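Engineer: generate coordinates for the sequence data below:
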Amino acid sequence: MLYTLTDFVWLFFLYSFAGWCTEVCCAAVRRRKFVNRGFVNSPLCPIYGFGSVLFGIFLPELTGEPFFLFLGGMLLASVLEYATGMAMEKIFRKKLWDYSDIRFNLSGYICARYCLLWGALALLTMLVTNPLLCGFFRLIPRPVTLAVQWTAAGLFALDFITTAMAVLNMKVTARQFAQLSAEMQHTSRLLENRLTAGVQKRMQKSFPSLSTDTLAADIKVRSEQAAEKNKVFAEGCSFYKLVSLFFIGAFLVSGK
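Structural biologist: From the prediction side, this is the model:
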């Protein structure tokens, strides 16, 4: 299958959003509270998006060889994860993830467990989901595609820049940035709370021993943490919210 630039942009935002949702749900199951798993404030984990783009660029020739496709996906994603983790720590002096407590890790940036998971994701995306998604994306009118993708890319870039400035303690003097950040943060928080609340309800149904009081206390703690947003890493400029709105809007328009 041959991919176009438009396909890569769609896949980047879709897998970034799907990765963010997965990370939030996993954190909700483990800690029973919301944890923003991305560097930026939008509901995106860009490393999943970049991984899907790398798979589409370097692995199409291996789709007929599942074993080598698995190895190729594992290698590509592991290099990406290691390089990203090391670069982010060097630049922002903040370790976004740490696998030091997991066996067979390399400097805490990658570990054997998640390397194998990346290989499995390469098989799933290249053999199943990508052909289906790209076929659907190509049905969307080109003017709509360009409008949504350029808007989403611009908001993502703005979110990354302002978040990086906040992490580096640089002042953002434009008042519009602060207003846009607040609006995006509010939208993102609604999505975050819905995901976490949904996971908690599911856990309560599956495990009746979990008390309602405990879940209510978790929600209260999450609300208090939201009020202290300035103390949370990567919480200052939630442009992910607008990105998600435009991204979801693309699907709503395409369905007409």
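
Engineer: quick one: mean pLDDT for stretch 139-151?
Structural biologist: Mean pLDDT, stretch 139-151: 95.

Engineer: what's the answer for stretch 68-78, then?
Structural biologist: Rounded mean pLDDT across stretch 68-78 is 96.

Engineer: same check, this time on stretch 13-29
Structural biologist: Mean predicted lDDT for stretch 13-29 stands at 86.

Engineer: can I get that stretch in CSV, CA atoms only?
Structural biologist: In CSV, the C-alpha atoms belonging to stretch 13-29 read as follows (Å, rounded to 0.1, in the frame of the first residue of the first chain):
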residue,chain,number,x,y,z
PHE,A,13,-3.4,12.9,14.5
LEU,A,14,-5.6,9.8,14.7
TYR,A,15,-3.0,7.5,16.4
SER,A,16,-1.8,10.4,18.6
PHE,A,17,-5.3,10.8,19.9
ALA,A,18,-5.9,7.0,20.2
GLY,A,19,-2.6,6.7,22.1
TRP,A,20,-3.5,9.5,24.4
CYS,A,21,-6.9,7.8,25.2
THR,A,22,-5.2,4.5,25.8
GLU,A,23,-2.6,6.1,28.2
VAL,A,24,-5.3,7.9,30.1
CYS,A,25,-7.5,4.8,30.5
CYS,A,26,-4.5,2.7,31.6
ALA,A,27,-3.5,5.4,34.2
ALA,A,28,-7.2,5.5,35.4
VAL,A,29,-7.2,1.8,35.9
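
Engineer: quick one: low-confidence ranges for the stretch 151-256 of the chain?
Structural biologist: For the stretch 151-256 of the chain, the stretches with pLDDT under 70 are 167, 169-256.

Engineer: helix, strand or coil for Asp98?
Structural biologist: Three-state call for Asp98 (DSSP: H, G, I helix; E, B strand; the rest coil): coil.

Engineer: need the helices for the protein, in chain order.
Structural biologist: 5-31, 46-58, 66-92, 112-124, 130-137, 142-167, 175-206, 212-227, 240-254 (DSSP state H).

Engineer: just give me the neighbour total for the nearest residue in space to Leu69 that is not next to it in sequence.
Structural biologist: Using CB to CB, 6 or more residues apart in numbering and skipping the chain neighbours, the partner closest in space to Leu69 is Leu62 (4.2 Å). In this view, the C-beta of every residue, glycine as well, is placed from N, C-alpha and C. Residues near Leu62, counting by other CB atoms under 10 Å, number 18.

Engineer: distance of Leu62 from Phe137?
Structural biologist: Separation of Leu62 from Phe137 (CB to CB, to the nearest Å): 22 Å.

Engineer: before we move on, what about Tyr114?
Structural biologist: 28 Å.

Engineer: and if you look at Leu116?
Structural biologist: 29 Å.

Engineer: those two: which is more packed in?
Structural biologist: Between Leu116 and Phe137, Phe137 has the larger neighbour count (other CB under 10 Å), namely 19 against 13.

Engineer: list the contacts of the more buried one.
Structural biologist: Thr6, Asp7, Trp10, Thr145 (CB atoms under 8 Å, 6 or more residues apart in numbering).

Engineer: among these, which two are most distant?
Structural biologist: Using CB to CB, the pair of those lying farthest apart is Asp7 and Thr145, separated by 10.2 Å.

Engineer: before we move on, back to that, tell me the confidence at the residue nearest to Leu69?
Structural biologist: On the pLDDT scale, Leu62 gets 94.

Engineer: circling back: just among the contacts of Phe137, which is most surrounded?
Structural biologist: Top of these by neighbour count (other CB under 10 Å): Trp10, with 25 neighbours.

Engineer: that residue and Leu133 touch, don't they?
Structural biologist: Yes: at 7.1 Å, Trp10 counts as touching Leu133 under the criterion of CB atoms under 8 Å.

Engineer: not counting sequence-adjacent ones, nearest residue to Val109?
Structural biologist: Careful, residue 109 is Tyr and not Val. Counting by CB to CB, 6+ apart, the residue nearest Tyr109 is Gly85, at 3.8 Å.
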